[in-house]
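Structure for the following, please:
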Amino acid sequence: MTKAIVAFDLDATLLNDDKQLSIENQQALQALRANDCLPVIATGRDRFEIADIMTTGQFDAIVSANGADVYLAGDQLFEDSLAATVLRELAAWTAENAISFAVSNHDGMAISQIDDLVRLNYQRIHRPLPTVNATYFQQRAITKALTFIDETPAGQQLEATLRAKFPTLTFYRNSDICIDVVANGTTKASGIATLQTQANLAAIPVYTFGDGYNDISMLQSADVGIAMGNADLAVQQQANYVTRRYDDHGIVAALQHFKLI
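This next block holds a predicted model:
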C-alpha cells in the first residue's frame, strides 16, 4: 500500500550540476520505495528529454511539461495539448520579433531557429540542440512551447507584450533566457492531481520538492511543500518547509526530517 507520494522537480532540486542523479539521491529514491512511497518526477521538461533520469532513478510516475503530460508505468494518463490556432499565432508573433520558438511533446522537439540564447540554454542543461523545423507544430499534438527571451530591459518588454497578447496561455519563466508556454491552467499541481485521480491515490499524502517559480503550485497544494535552500525567497515563502541546498544534501535531509526514509 502506498503511504505517500513524493514529487521532485529536477534541475537545482533532485539533479546535481551535471544534470544527473547523485548516488546519494539514487539511494534515497530506493529507500523511499522500500518505505512504500511513490517517487514522482514533476518537471517542466518533456518525457523524451529525461529518459536517462527515469531509468537511473527507476521512476514509474512522471509529471512532465509542467503538468501537461502525465505517465504511470509507461502509460500516458493525460495530455493537455496547445490549440493549433494559438500555436500558429505564437509562431507568427515570435517570427515577427526574431525570437526563437520551440515546440515539443513526449516524443520530441523542434525549433524555428538557433541563436545564442538557444545555444546557452542547451549548454546549461547538457542536452543537444533541437532540430530546426519551423512547421513541426503543424504535424502533431504539442504540449509545450518555449520562447527564448532574455531578462534585459528589451527582453522584459517583449515578455510583457507576449503575456498580454496571449492571455489564455500559462507562462513560466524557467531561466533568465527562456520561458515555458503551456495550456491555460496547466501546472505541476494539476498534473499531480491527475496522477492521484487516475491511479486511485487521491487520499494519499503528497510531499513536493522544488526551487523554481513553476514549482509554486505544487508547493502550495501539497500536504507538505518543501523548498530547496537555493530557491528564491519568494518561492521559499510558499513552502511549508525549507531544506538545505540541492548540492548540500537537501533532498536526503528533508526526507529524513519527515521520516520518509
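
Just the strands from the stretch 51-200 of the chain, written as ranges.
Counting by DSSP state E, counting those that start in this stretch, the stretch 51-200 of the chain has strands at residues 61-64, 69-72, 75-79, 101-104, 109-111, 131-132, 144-147, 169-173, 179-183.

Out of the ones you listed, which is closest to Leu32?
strand 61-64 (11.7 Å; CB to CB). Just so you know, the C-beta spots here come from the backbone N, C-alpha and C atoms, and that holds for glycine as well.

Just checking: what are the partner strands of the closest one?
Applying DSSP bridges to the sheet, strand 61-64 is found paired with strand 37-42 (parallel), strand 69-72 (antiparallel).

what sits up against it?
Residues outside strand 61-64 that contact it (CB atoms under 8 Å, 6 or more residues apart in numbering): 5, 7, 38-47, 50, 54, 69-73, 106, 188, 191-192, 194-195, 199.

What of stretch 34-42?
By CB under 8 Å, 6+ apart, stretch 34-42 touches 1-10, 14, 29, 32-33, 50, 53-54, 57, 59-64, 67, 188, 191-192, 195, 201, 204, 208, 210, 215, 218, 260-261.

how about a cut-off of 7 Å?
Residues from elsewhere that reach stretch 34-42, judged by CB atoms under 7 Å, 6 or more residues apart in numbering: 1-10, 29, 32-33, 50, 54, 57, 59, 61-63, 188, 191-192, 195, 208, 218, 260-261.

want to throw the strands paired with strand 61-64 into a markdown table with mean neighbour count, distance to Gln236 and mean pLDDT?
As requested, the strands paired with strand 61-64 are arranged in a markdown table below (neighbours: other CB atoms under 10 Å; distance: least, CB to CB, whole Å; pLDDT from 0 to 100):
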| stretch | mean neighbour count | distance to Gln236 | mean pLDDT |
| --- | --- | --- | --- |
| strand 37-42 | 24 | 18 | 98 |
| strand 69-72 | 24 | 27 | 97 |
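
Identify whichever of the ones you listed lies nearest to Ala110.
strand 69-72 (16.7 Å).

Name only those of the contacts of stretch 34-42 that count as buried.
4-10, 29, 32, 50, 54, 57, 59, 61-63, 188, 191-192, 195, 208, 218, 260-261 (16 or more other CB atoms under 10 Å).

Measure how buried Ser190 is and give me the count.
Counted with other CB atoms under 10 Å, residues neighbouring Ser190 total 23.

Could I get the pLDDT score of it?
pLDDT for Ser190: 97.

who are the neighbours in contact with the most centrally placed residue in the chain?
In the chain, the residue lying closest to the centroid (CA atoms, centre = their mean) is Gly44, at 1.8 Å. Contacts for Gly44 were tallied using CB under 7 Å, 6+ apart; they are Ala65, Asn66, Tyr172, Asn174, Asp180, Asn214.
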